[in-house]
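Student: What shape does this take:
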Amino acid sequence: MNVEVWLSPSAVAPSERGHAELAVVIDVLRATTVAATALAAGARSITACLSVEEAFKMKAEATGDNPPLLCGERDCNPIDGFDYGNSPSEYSPAGVGDRDLIMTTTNGTRAINEASNCDGMLLASFTNLSAVAQRIVDSMSSDGLLRIVCAGTNGAVTGEDALLAGALLAVCHKKLSDTARFYDGPLNLVNDSAVIALAAWQHCISHDKVTDGETLATRLSLTQGGKNMVAAGYGSDLVDCGSIDVFDVVPTRQSTDPARFTV
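Tutor: Residues are numbered from 1 along each chain as shown. Predicted structure coming up:
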């Protein structure tokens, strides 16, 4: 399996954006964590769009007696007129169960759009890390290209997304190989960003002593994205975003225009 990582969509030139068999989009803080949380809570679907105006338009054009709910954020904060913000704790079965959601966020939904040149797309977070890794292992061909796309923040690379990209590589390797030596295994890292992401996660385990959700949440608070959330008053979300393998749902793209995800 060939694997490349985009540490930020803006770091990859258009000429380097070839077709991928599978793309996995990451926005740990917080869009892809919310997506997994909402679908685990019973939401029927999540449709990603780029702008607030587009979200309102999609809701206005929806038919039926159960209109979609609007969710997302701009610059960490809820959007006026939306039903939900971007904190995972907002998404309960009572609130979103059996409902369709329309989501727009500062970085995550833009990354979904940037990564659209692929046969299939999954959304990954620490909350569904192992489930996503298993889906990758089950669905990728031996010579196909897996593209892991980190949303970053306003075009810049952020540590939390790079850490999850590295964690996905490590878990996939463990599922596919009987050797602890990564470079003897079945994953071919085709760009240096993949090597950097893997090294960041390995350092996180060995040096920062991240072993569980609590220690991971502490580590996330040290990234730029984590600092931004704390400054905006959403530091408590780091616990939810740092929870590891609490869901077995994998948000999976069902259509490309617009991007609609279900389990």
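Student: mind checking how far Ala31 is from Phe56?
Tutor: Here Ala31 is placed at a distance of 18 Å from Phe56 (CB to CB, to the nearest Å). All C-beta spots, glycine's among them, are computed from the backbone N, C-alpha and C.
Student: When these two are compared, which one has more neighbours?
Tutor: Each of Ala31 and Phe56 has its neighbours counted (other CB atoms under 10 Å); Ala31 has more, 29 against 17.
Student: Return the per-residue confidence for the more buried one.
Tutor: Here the pLDDT value assigned to Ala31 is 98.
Student: mind listing what it touches?
Tutor: If you count contacts by CB atoms under 8 Å, 6 or more residues apart in numbering, Ala31 has them with 72, 86, 103, 105, 107-109, 123, 151.
Student: Out of the residues you listed, which is nearest to Val52?
Tutor: Checking those against Val52 with CB to CB, the nearest one is Gly72 at 7.9 Å.
Student: surely the closest one meets Arg110?
Tutor: No. Applying CB atoms under 8 Å as the test, Gly72 and Arg110 come out as separate, 11.4 Å apart.
Student: Comparing these two, which residue is more hemmed in?
Tutor: Using other CB under 10 Å as the criterion, Gly72 and Arg110 rank with Gly72 on top: 26 against 23.
Student: What is the neighbour count of the spatially closest residue to Leu169 that is not a sequence neighbour?
Tutor: Leaving aside its chain neighbours, Leu169 sits nearest to Leu198 (4.9 Å; criterion: CB to CB, 6 or more residues apart in numbering). Counted with other CB under 10 Å, the neighbours of Leu198 add up to 24.
Student: can you tell me how far Leu198 sits from Val5?
Tutor: From Leu198 over to Val5 (counting by CB to CB), the distance is 9 Å.
Student: Val190 now?
Tutor: Distance, Val190 to Val5, using CB to CB: 9 Å.
Student: Show me which of those two is the more surrounded one.
Tutor: Counted by other CB under 10 Å, Val190 and Val5 do not tie: Val5 has more neighbours, with 28 against 15.
Student: which residues sit in contact with the more buried one?
Tutor: Val5 neighbours (CB under 8 Å, 6+ apart): 147-150, 162, 165, 169, 191, 193-194, 196-197.
Student: One more pass at 10 Å, please.
Tutor: Contact partners of Val5, counting by CB atoms under 10 Å, 6 or more residues apart in numbering, are 12, 24, 26, 146-150, 161-162, 165-166, 168-169, 189-198.
Student: ditto for Glu16
Tutor: By CB under 10 Å, 6+ apart, the contact list for Glu16 reads 4, 6, 191.
Student: neighbouring strands for the helix or strand hosting the first one, and are they parallel or not?
Tutor: Assessed by DSSP states H and E, Glu4 sits inside strand 2-6. Using DSSP bridges, the neighbouring strands of strand 2-6 in the sheet come out as strand 145-150 (parallel), strand 188-189 (parallel).
Student: Could you work out which of the ones you listed reaches nearest to Leu220?
Tutor: strand 145-150 (13.9 Å).
Student: Helices along the chain, start to end?
Tutor: Applying DSSP state H to the chain gives helices spanning 31-40, 52-61, 93-96, 108-114, 129-139, 159-176, 192-206, 213-220, 224-231, 237-241.
Student: and these, which is most packed in?
Tutor: The highest mean neighbour count among these, using mean count of other CB atoms under 10 Å, belongs to helix 31-40: a mean of 29.
Student: That'll do, ta.
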